[in-house]
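S.K.: Quick one, what's the 3D model for this:
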Amino acid sequence: RIGWFGDGAIKNCIFSDIVITDSRDAITIELPRCPPPGDAGKNITRIERLSFDNILIDRTWGRPVKISIAESADTKCEYIRNIQFNNFNSRTNYFPLLIGRDENYLEDISFTNCRFDIGDKAEDGFKPRFVRNLKTDCIWNID
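M.R.: Sure thing, here's the model as predicted:
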């Protein structure tokens with residue numbers, strides 16, 4: 001998980017050559033509605049310029065990628081932008097989930113040379129909401 005309720009600035013991070021197996025949601029950037037008591041920062045969240053390169057995800061029962069901002073005035077977010085996924089291969093049950101909100105669009109999200117093998121929940125589809133400048137160069141294999 002990268003980012004959380006009130007974490008402040010997270011920027012200029014590179015994650016590469018990672019294998020994720022037997023997990024719930026593999027890569028998560030989530031700003032929740034109400035975190036558990038004692039699990040919240042006090043800053044406005046700003047996340048930008050993250051790169052995920054050469055990632056292999058296998059046997060996750062949730063989302064390979066989950067980026068979401070809760071619809072709550074308490075969830076303070078200035079932006080989530082410039083997130084890149086390159087050479088990304090995943091075998092999971094779901095499509096990636098990208099959900100910004102009306103006043104905070106996710107911006108400049110790209111998937112380059114990515115392959116998603118999707119099992120049980122393929123009927124859900126890839127349905128990004130409140131996203132600007134989404135680029136996908138993906139192979140979508142649905143079981």
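
S.K.: what's the burial count for the closest residue to residue 127 other than its chain neighbours?
M.R.: Setting aside the residues directly before and after it, residue 127 is nearest to residue 95 in space (C-beta to C-beta, 6 or more residues apart in numbering), at 7.7 Å. Every residue, glycine included, has its C-beta placed from N, CA and C. Counted with other C-beta atoms under 10 Å, residues neighbouring residue 95 total 22.

S.K.: same deal with residue 25?
M.R.: Other residues near residue 25 number 20, with proximity taken as other C-beta under 10 Å.

S.K.: burial of the nearest residue to it once chain neighbours are set aside, as a residue count?
M.R.: Taking C-beta to C-beta, 6+ apart, and ignoring the residues beside it in sequence, residue 25 has residue 62 as its nearest neighbour in space, at 4.0 Å. Residue 62 is surrounded by 15 other residues when neighbours are defined as other C-beta under 10 Å.

S.K.: Ok, the one 3 residues further on next?
M.R.: A count of neighbours around residue 65, defined by other C-beta under 10 Å, yields 26.

S.K.: which residues sit in contact with the residue nearest to it when sequence neighbours are not counted?
M.R.: For residue 65, ignoring the flanking residues on the chain, the nearest one in space by C-beta to C-beta, 6+ apart is residue 96 at 3.9 Å. If a contact means C-beta atoms under 8 Å, 6 or more residues apart in numbering, then residue 96 has 63-66, 111, 116, 126 as its contacts.
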